[in-house]
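Asks: Got a predicted structure here, sequence first:
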Amino acid sequence: MAQVSNSNLYIDDAGILDARDACVVIVRTEWNAAIVDALEEGCRKTLVERKVEAITTVTVPGAVEIPFAIRAYWESAKYWNHRPCVFIALGCVIQGGTPHFEYVCQSVTAGVTQLNLSLPVPVIFGILTVNDEQQAFDRIGGAHGHKGEEAAITALKMVALQKAMRTNHP
């Protein structure tokens, strides 16, 4: 079982460098709003604690729309001076009594994976795919940590990794 204690994620010096100039775009869903609000709150709190100033939130109806919104945002930002360094996808898909859950989870996972392979910036998967609300609450400050905070830390570590790759090549 994935536990926060099995990770060095919260050790800041394991990849987070100066993040003040990072431009972070959070793309979140309207579904399961109370849970996603908490994910975003933890995500933003963590980014602000690490001095990130450029944080934008885009809200979409559901999880399936997240990859489209990320791609559209990236394309619209093509000519901006301060383009996004990283996208964070936040959502919560709770299993119901139909196969819809599997289709949604599969679609958003494939979409985020495709974006990670095609965009020149990382897309962080902060989407909860859970069997019930209790499992979601366990992941927004409960027994399984706070997945919004973890998504923010992962995003900053990936920004640092990109910076390191750009500066460490001859």
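Replies: Thanks, I have it. Residues are numbered from 1 along each chain as shown.

Asks: The lowest-mean-pLDDT helix or strand in the chain: which residues count as buried?
Replies: Of all helical and strand segments in the chain, the minimum by mean pLDDT, DSSP states H and E falls on strand 140-142, at a mean of 90. Judged by neighbour count (16 or more other CB atoms under 10 Å), strand 140-142 contains these buried residues: 140-141. Every C-beta, even on glycine, is put in place using the N, C-alpha and C of the backbone.

Asks: Sheet partners, orientation included, of the helix or strand following that strand?
Replies: Counting by DSSP states H and E, the next helix or strand C-terminal to strand 140-142 is strand 145-146. Each strand paired with strand 145-146, and its direction, by DSSP bridges: strand 140-142 (antiparallel).

Asks: Need the residues that contact the strand it pairs with.
Replies: 35, 38-39, 42, 146-148 (CB atoms under 8 Å, 6 or more residues apart in numbering).

Asks: one more time with 6 Å, if that's ok
Replies: Here strand 140-142 makes contact (CB atoms under 6 Å, 6 or more residues apart in numbering) with 38, 146.

Asks: what distance separates that strand from the centre of its chain?
Replies: Between the centre of strand 140-142 and the centre of its chain there are 16 Å (CA atoms, centre = their mean, to the nearest Å).
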